[in-house]
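Enquirer: Return atomic coordinates for the entry below.
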Amino acid sequence: MSNYIFICLNGIFFFFIHIFIIIIVIVIVIVIVIVIVIVIVIVIVIVIGIVIVIVIVIIIVIIIIIIIIIRIIIHGRSSSRIYVIMIIITYNH
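Expert: Numbers count the residues shown, from 1 in each chain. Below you'll find the model as predicted:
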């Protein structure tokens, strides 16, 4: 009789251990998924930030070039300056 009770207790014990292991695995998987999602979101935000900075820098450079060209055209006199700046611009790109 005591043997039978021991087997039952053993079965219940193993059952609870299995449930506990399954719960731990599920929690670990959920934590890993959340961490991966957070990392992906951070990477996307960083990439978008870098793209925005690059676009702003390009816009500023274009505005500066346009201002320089307009000032040269307004101040006119030597048209050779325009050609020099055009050569510099095409060389940089």
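
Enquirer: For the rest of this, base every contact and every neighbour count on C-alpha atoms.
Expert: OK.

Enquirer: for the helix or strand hosting I7, what is the average pLDDT?
Expert: Using DSSP states H and E, I7 sits within helix 2-75. Taken as a whole, helix 2-75 has a mean pLDDT of 88.

Enquirer: And it, what does it pack against?
Expert: helix 80-92 (3 or more CA pairs under 8 Å, 6 or more residues apart in numbering; DSSP states H and E).

Enquirer: same question for the helix it packs on, mean pLDDT?
Expert: If you average the pLDDT values across helix 80-92, you get 64.

Enquirer: List the contacts of I65.
Expert: Applying CA atoms under 8 Å, 6 or more residues apart in numbering to I65 gives no contacts.

Enquirer: State the distance from it to I73.
Expert: With the distance defined as CA to CA, to the nearest Å, I65 ends up 12 Å from I73.

Enquirer: One more: I30?
Expert: 64 Å.

Enquirer: again, but for I66
Expert: Where I73 is concerned, I66 sits at a distance of 10 Å (CA to CA).

Enquirer: How about V51?
Expert: 33 Å.

Enquirer: and if you look at I17?
Expert: 84 Å.

Enquirer: repeat for I54
Expert: I54 sits 28 Å away from I73, going by CA to CA.

Enquirer: Distance check, the residue nearest in space to the middle of the chain against I17.
Expert: In the chain, the residue lying closest to the centroid (CA atoms, centre = their mean) is V43, at 1.8 Å. Note on V43: its distance to I17, by CA to CA, is 39 Å.

Enquirer: cool, V37 as well?
Expert: Distance from V37 to I17, counting by CA to CA: 30 Å.
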